[in-house]
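K.L.:
Following is a predicted model, sequence given first.
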Amino acid sequence: MSAKHFNPSAVRWHLLGVLVMASLLSACMPRQLLVNSAADALTAQGQVEEEDIGLAREASAFYLKVSESLLRQTPGHLPLAESVASGFTQYAYAFVAFEAERVAYADAKAAQQLNERARRLYGRAHRHAMAALNQSSPGFSAALAQPQSALWPKLRAEQVGVAYWAAASWGAYIALSKDDPDAVADLPLAVRLAELAWRTTPNHGQGDLVSLMGSFEAARPGGSSAKATAFFDQAFAASGDRSPGPLVAKAEAIAQAAGDRPAFEALLKQALAVSAGRTDLSSQIMRQRAQWLLDNADDLF
């Protein structure tokens, strides 16, 4: 996952300023116009990258709570829904689920609690994203659940970002729900949603969506390792050979699953080289993960 839409730099004072302006303007603006204006402001702030991981973690919780509250008042605001869903998904991935992996050997109970929290955050992201899709295309979820391809819902270009995060958070939620048969049974729907987004805008997110397709292909029953590998390679190329994310995903989903330690380590070292010198949050997070996986290779093989 990338942190492209993660809004760790939505600093407290900027957001408080948005809220204060909203209260001052509320007497002279129609309520929905006010809400939409505030949503636009928060969404614009959400596109700014933050290069400091510590600041990202500290600022993101406040931003997410404010954005989520506003989204509940304007659920059809697709850019804000995308920002909220991506924020919750990436917060869970970078700061909760990863921490669970790091403490698992030393404290299994703490890891279980962290995984449960990450699972709830993924579910929260998914609900917000699906609500936005249903608001903008009534009946979307019902159509998605139909087995006949002719009844699948159609995605518009402006919905692809929300659909991507709906599918990504859904897949992550399922991955942490292995003891919940009902959740696991939804995997084909998550895959179908990702496919809809991919067929609409294949290169969304400079390879992010293609990489998600690779992860789903590797994870689904009967999936093709060769096809998943092709997706990961395509995702890396779509990033201009600059994103470490597809390399780390390929290392875990393909090399580790096949028990191929040399390939696993080679991919992670390539990810470290690609991310060297890059200060964007996504690269930093994936660099941390790549190094951690390398350091723990003895336990993984």
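P.N.:
Nice, I can see it.
K.L.:
Hmm, Gly161 is touching Leu78, no?
P.N.:
Yes. The criterion here is Cβ atoms under 8 Å, and Gly161 meets it with Leu78 at 7.4 Å. Any C-beta I mention is one placed from the backbone N, CA and C, and that applies to glycine too.
K.L.:
Between the two, which has more neighbouring residues?
P.N.:
Neighbour comparison, Gly161 and Leu78: the larger count goes to Gly161, with 26 against 21 (by other Cβ atoms under 10 Å).
K.L.:
shaky segments in the stretch 151-300 of the chain?
P.N.:
Regions of the stretch 151-300 of the chain meeting the criterion pLDDT under 70 cover residues 151.
K.L.:
So which residues of it form helices?
P.N.:
Ranges of helices in the stretch 151-300 of the chain, per DSSP state H, counting those that start in this stretch, are 160-175, 181-184, 187-200, 208-219, 225-238, 245-250, 261-275, 281-295, 297-300.
K.L.:
Against which helices or strands is the first one packed?
P.N.:
If I follow you right, that is helix 160-175. With contacts defined as 3 or more Cβ pairs under 8 Å, 6 or more residues apart in numbering; DSSP states H and E, helix 160-175 has these neighbours: helix 78-91, helix 108-136, helix 181-184, helix 187-200, helix 208-219.
K.L.:
circling back to that earlier point, same list (the helices of the stretch 151-300 of the chain) but as TSV, adding distance to Ser86.
P.N.:
As requested, those are exported to TSV (distance: least, Cβ to Cβ, whole Å):
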stretch	distance to Ser86
helix 160-175	5
helix 181-184	21
helix 187-200	13
helix 208-219	10
helix 225-238	17
helix 245-250	14
helix 261-275	20
helix 281-295	11
helix 297-300	28
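K.L.:
hmm, back to that, would you list the helices and strands packed on helix 160-175 in CSV and tack on distance to Ala257?
P.N.:
Listed next are the helices and strands packed on helix 160-175 as CSV, based on distance: least, Cβ to Cβ, whole Å:
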stretch, distance to Ala257
helix 78-91, 23
helix 108-136, 20
helix 181-184, 18
helix 187-200, 16
helix 208-219, 7
